[in-house]
Each structure stands twice: as C-alpha cells, then as structure tokens.
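Q: Here is a sequence together with a model predicted from it:
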Amino acid sequence: MIRGKYQIMSAVLIGLAMSAGPLSAQGVRPNVNTPAGAQMLASYARAIEVMRRLPANDPHSWSFQANLHGFVAGTPNPSPMWGQCQHGNWWFLSWHRTYLHCFEKIIRVHSGDANFALPYWDWSDATSRSLPTAFRATGSPLYDGTRRASVNNGSDALDESVIVSDVNYALSRTAFFSVSLNDAADTFGGVRVTEPSHFHAGSGALELSPHNYVHGWVGGNMGDPDRAARDPLFFLHHANVDRLWDLWLASGDRANPTSEPIWMNQGFTLFDENKRPVTLAARDMLNTRTQLNYVYADRLLQAVRAAAAKRPPQVKFASGQRPKPRVQLVLEPQKPWGDLKKVPMQIALKIDAAEAGPLYQLARKDKVAKGELVLVVEGISFGAGVADSPLELFLNLPANANQPAIKQRYLADRTAFFGHAHNGTARFRLGEAFERVRTQEGFRPEALTFTLARNWYGATPPATPLPVTFKRVTIQVEQ
C-alpha cells in the first residue's frame, strides 16, 4: 500500500512506469508553492498583462481565451468557438487538458519565457489549502477582486475533511465512465455521451468534488463557469485536476476508455501559439509525456510510478461501468417542500415495513458501500442564479446535535454545484452513513430521517439568503 498525503486506503497505487527519454526544459509543471513555481508565476503574470492589452477579438487576448471556456450571455460579437467547455460528461478531463495545453503555449509566447510550464495548485496538501500568496497582492495581474474576501486575504482555508476525503474517494473509483446517469458519481470521469455537451448532468466523482467545491469556495468569477477562466487561478486549479487524472491512471488497474471510438475521436478546436485553429481529441493526449511533452513535479506521482516498474502487470478494471440495478422509493412530502434558506430542512421517510424490504436487506449486509444507498434530489434551483453554497445531507441527525463535531458524525454526503443551478439534480451517497446509524438504539430502516442543509464554505450565512428550491426526492437502493 502506498501511503502519502492522500493516504489512499482503497487500492494499491501501482501505476504505469514513466516512459523513457528526456523531457525538454519546458516539460515539467511545478507545484506553485516551490521556487520553480514562483519563477513560473513571474512569467505568467507578464503574459497576463500583455494578453489583457490585446484586442478582444484577438484569439490570444485574455478575454478571448477565457471565453473559450464560457462567456456571459449578451457579450458583443461572440465567437462560435466560445463556450465550449465540457462538464458533466466523460470529456470533462480531456477537454480541459486540451485547453490547458494550448493555453500554456500561448503563455510562452507572451511572457517571453520559452520554458514556461503551468504550475499546479495542490489544494490537497495541508500546507497549500489557502490561496497561494502571489494571488493575494492587489496590484498583481494574478489578483482577482471578485473572489470571496476571506479567500483573497488568506484568512480562509479549504476544509480538510472535504478535500482529502473527496480526493481519496475519486481516486478509489475503478471505472472511468458509466452508461447511466445514476452511476456517474461512482466513476472517475463521468457519464458516457455520444456528442459534446457544454453542461450535462453526469459528472464523475472528481468533477463533483473537489473540482466543483474548490470553484465555489474561491467564489466570484471562479464560481461561475461563464466567467471562471477570467481568474488566473483557474488554470492552476485545473492543472491540479489534470495531475490527479495522471495519479488515478498510475494505478495498474485503471484505464482510460481507449476502446470507445466516440471518446477517443471527438475533436475540440482551440487556438495554438501561432493563432491558428488546432483540433485535438482524447487520442492525442493519453500520455502527457510522449504526446504533449509535460509531466508533473510531484513526488507522490513519481513514487507511484517507480513502484509500478517493480510490480508484475495488473489486470485492469473495465473502463466503463455497467448500470447497477436499483430499487426506487419516492418520498412523498408531509407538507410542501418549501424553500431551503438558513434553517436546515428535515425530510422523514414514512413507509411500511414491507415496502422497506430493500432497506432491511441492506441493513443485514456486513459492509455497506457509499453508493449502495442514494438520496436523489431533483429540480434543484438556486435563487441566487449561481450555486452560492454546497448542500449537505445528514442521516438520522438527533434534534440536540448542535455542536459541529457531533453533527459531523451524522454527515452522509455533500454536493457542490458549479455555477448555474436551475432544475439540477443532486445524488447524495448514504451507504457509509447508513452503516454507522444502523447501530443506533431503536434503528428502523423504514423510519429514516434526512436533514438537508446549506453550508457557505464555513462562513457566516448571508443575513437574508436567497432560497434553494427542489421538486422531487427519491431513495435508490442498489440490489
């Protein structure tokens, strides 16, 4: 078992050995919180200043590059190439890898640094959970004043209990994709689709969190997909997501869906360092070292790959996950659902013992996996327009559980939306919490209570928060 800052317990990370052969000087992406990272940030800042002075219709201008990811409706003279980022489907990782690869080359041009390599912000590291210092200086091109104030001044830090556990969970997924929306959250890369979708409903575990959670925690431009890439921090955040894809693949039993022609061959067109359109597909970026000429300066990843070279070949899991049979129970409200504001909302399961048969079967299992019991909340809309708070779900939370440490014992799952949330769906995975609460005195599977609450990233809620509404709640029990 490999132990490190992620303390991954679910699988031995044994990976593919790094291909032989030297990299060019421009081929190592450093951790932002290292001397090499600081050197790259100086070049990055110079390029941003130049790009912000370019005409808006120049493919290398800062606004044009940001708009490739997403743009605000009503922006004058939109390009047909804008707003093409892939979210909620199996191209999430490959599209963003393409985007960063082209962007990195453009930064080399406008910084005058031919060896520039995009740094990554490893928010999983206990020493790096606050905004990197260089991004806090108000006079710097790296500063974005729309971020949450407590993020910009460095007084806030990402919650370890969220980030580390969610990274671990994502890295422990064995399948890259699912064919069913219901199973997408239990995969690494998301749901299989047949054509690109700017925003779909099948995010994989890595995209749901930590990806979405970090976007929302930073706030401001970063919290809105139409404006996220305006913040220079965006590209360091996604470099870390890209690094985690490499780390996931470093296990010998993980695989990209290379047998899926749709995933492999779907091209996405961006601009290269010479302002020429360039089309790349997933097949062009399976190996960052040999195809894109970069690796990450990451000791954990290097250790995993070194261990891989000493182990026998491993049998890989299938890259796709078959649909899992599930029994669905619809929760009928005792009253209208109402609005979710600052006060948590309790939802009671009221069914007879016969109808609760699947839950009783689950309760008799020796071990209950997180995804074996799922609460699905549909028709979620945020009154603020964009998702301004993650949603948390507690299972059988006692009425007197007021202290955070006590409440944490009953926390089943959380979800964070990225940006616009209108008529969205959240899937809360309750299996592990169900396993814990079944030891409670008087536990009855047919009388579970679910408490839905909002969490403003640990900050004080607004005095009058705009409501979150939803339409339908169901329970799905895996068979």
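A: Happy to help now that I have it. Residues are numbered from 1 along each chain as shown.

Q: Just the buried positions in the lowest-mean-pLDDT helix or strand in the chain, please.
A: Ranking every helix and strand in the chain by mean pLDDT, DSSP states H and E puts helix 299-309 at the bottom, with a mean of 80. Across helix 299-309, burial judged by 16 or more other Cβ atoms under 10 Å covers 300, 301, 304, 305, 307, 308. C-betas here are computed from N, CA, C, even on glycine.

Q: Also stretch 340-350?
A: 340, 341, 345, 347, 349.

Q: Turn these into TSV, columns for secondary structure.
A: Output for the buried residues of stretch 340-350, formatted as TSV (DSSP: H, G, I helix; E, B strand; the rest coil):
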residue	secondary structure
340	strand
341	coil
345	strand
347	strand
349	coil
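
Q: what two of the residues you listed are the furthest from one another?
A: 341 and 349 (23.1 Å; Cβ to Cβ).

Q: Just the mean pLDDT for the longest strand along the chain, thanks.
A: Identified as the longest strand of the chain according to DSSP state E is strand 373-382. Strand 373-382 shows a mean pLDDT of 92.

Q: elements contacting the helix or strand that it is followed by?
A: Counting by DSSP states H and E, the element after strand 373-382 in chain order, helix or strand, is strand 391-395. In terms of contacts (3 or more Cβ pairs under 8 Å, 6 or more residues apart in numbering; DSSP states H and E), strand 391-395 is packed against strand 373-382, strand 411-415, helix 431-437, strand 449-454.

Q: Contacts only, for the residue nearest to residue 382 when sequence neighbours are not counted.
A: Once flanking residues are discounted, residue 382 sits nearest to residue 421: 4.6 Å by Cβ to Cβ, 6 or more residues apart in numbering. Contacts for residue 421 (Cβ atoms under 8 Å, 6 or more residues apart in numbering) come out as 380, 381, 382, 386, 387.

Q: For the least confident helix or strand of the chain, what is the distance to the chain centroid?
A: Offset of helix 299-309 from its chain centre (Cα atoms, centre = their mean, to the nearest Å): 24 Å.

Q: Pairing partners for whichever helix or strand comes after that helix, with directions?
A: Under the assignment DSSP H and E, the closest C-terminal helix or strand after helix 299-309 is strand 320-321. Strand 320-321 has the following strand partners under DSSP bridges: strand 177-178 (parallel).

Q: Pairing partners for whichever helix or strand comes after the strand it pairs with, with directions?
A: Proceeding N to C from strand 177-178, the next assigned helix or strand is strand 190-191, under DSSP H and E. Using DSSP bridges, the strands paired with strand 190-191 in its sheet are strand 177-178 (parallel).

Q: mind checking how far residue 428 is from residue 212?
A: 14 Å (Cβ to Cβ, to the nearest Å).

Q: which residues touch the longest strand of the chain?
A: Outside strand 373-382, the residues touching it (Cβ under 8 Å, 6+ apart) are 182, 326, 359, 362, 388, 391, 393, 412, 417, 421-431, 434, 450, 452, 466, 468-478.

Q: Please pick the buried ones from these.
A: By 16+ other Cβ under 10 Å, the contacts of strand 373-382 give 182, 326, 359, 362, 388, 391, 393, 412, 417, 421, 424-431, 434, 450, 452, 468, 470, 473, 475-478 as buried.

Q: Tell me where the model's unsure across the stretch 351-479 of the chain.
A: Low-confidence segments of the stretch 351-479 of the chain (pLDDT under 70): none present.

Q: How about the chain?
A: Ranges of the chain meeting pLDDT under 70: 1-26, 315, 332-336.

Q: got a list of what the closest residue to residue 391 other than its chain neighbours touches?
A: Closest residue to residue 391 apart from its sequence neighbours, by Cβ to Cβ, 6+ apart: residue 415 at 5.3 Å. Residue 415 sits next to 208, 209, 212, 390, 391, 426, 427, 428 when contact means Cβ under 8 Å, 6+ apart.

Q: any chance of those residues in TSV, plus distance to residue 74 and secondary structure?
A: Formatted as TSV, those follow (distance: Cβ to Cβ, whole Å; DSSP: H, G, I helix; E, B strand; the rest coil):
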residue	distance to residue 74	secondary structure
208	29	helix
209	31	helix
212	25	helix
390	29	coil
391	29	strand
426	29	strand
427	33	strand
428	35	strand
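
Q: Would you work out how far apart the start and end of stretch 122-132 are?
A: Its first and final residues considered, stretch 122-132 spans 10 Å by Cα to Cα, to the nearest Å.

Q: Give the buried residues for it.
A: 122, 123, 124, 125, 128, 129, 130, 131, 132.

Q: just stretch 375-394 next, same as before
A: Quick answer for stretch 375-394 (16+ other Cβ under 10 Å): 375-377, 380-382, 386-394.

Q: Kindly indicate whether the residue lying farthest from the centre of the chain is helix, strand or coil.
A: Distance from the C-alpha centroid of the chain, by Cα atoms, centre = their mean, peaks at residue 354 (38.7 Å). Three-state assignment for residue 354 (three-state DSSP): coil.

Q: Tell me the spacing between it and residue 125.
A: 51 Å.

Q: again with residue 91
A: Residue 91 sits 28 Å away from residue 125, taking Cβ to Cβ as the criterion.

Q: one step back: take the buried residues of helix 299-309 and write them to TSV, including distance to residue 440.
A: Output for the buried residues of helix 299-309, formatted as TSV (distance: Cβ to Cβ, whole Å):
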residue	distance to residue 440
300	38
301	42
304	39
305	45
307	42
308	43
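
Q: For residue 78, state which of those residues is nearest.
A: Closest to residue 78, out of all of those and judged by Cβ to Cβ, is residue 301, at 38.5 Å.

Q: which non-adjacent residue is nearest that closest one?
A: Counting by Cβ to Cβ, 6+ apart, the residue nearest residue 301 is residue 247, at 5.4 Å.

Q: In this model residue 304 seems to touch the one you found, though I could be wrong.
A: Yes. If you go by Cβ atoms under 8 Å, residue 247 and residue 304 touch, sitting 6.9 Å apart.
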